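Student: this is a predicted model, with the sequence first.
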Amino acid sequence: MAILCKYTYDPLDRVSTVTPSAQAVANRFYNGEQLMTELHGDRQRTCIRAG
């Protein structure tokens, strides 16, 4: 069985990095329980919550 993706967790049990096989690592940053930013290679994704 091949490993498709590797996950690591921070001390608060949130996913902190995702490493798909043969791809760049994706780092995740949180504000409390809310995912705020994901960095994947040279791309950045930011989540904005209104209200």
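Tutor: Here it is on my side, so go on. Numbers count the residues shown, from 1 in each chain.
Student: pretty sure Ala2 is in contact with Ser21, am I right?
Tutor: Yes. The criterion here is CB atoms under 8 Å, and Ala2 meets it with Ser21 at 7.2 Å. C-beta here means a position set from N, CA and C on the backbone, and glycine is covered the same way.
Student: these two: who's more crowded?
Tutor: Ser21 (9 against 4; other CB atoms under 10 Å).
Student: counting neighbours, what do you get for the residue lying closest to that one once chain neighbours are set aside?
Tutor: In space, and not counting its chain neighbours, Ser21 is closest to Leu4: 5.8 Å by CB to CB, 6 or more residues apart in numbering. Leu4 has 7 neighbours, counted by other CB under 10 Å.
Student: show the pLDDT at Leu4.
Tutor: The model reports Leu4 with a pLDDT of 93.
Student: and it, how far from Gly41?
Tutor: 18 Å (CB to CB, to the nearest Å).
Student: my read: Cys47 touches Tyr30, true?
Tutor: No. Applying CB under 8 Å, one finds Cys47 not in contact with Tyr30, separated by 9.9 Å.
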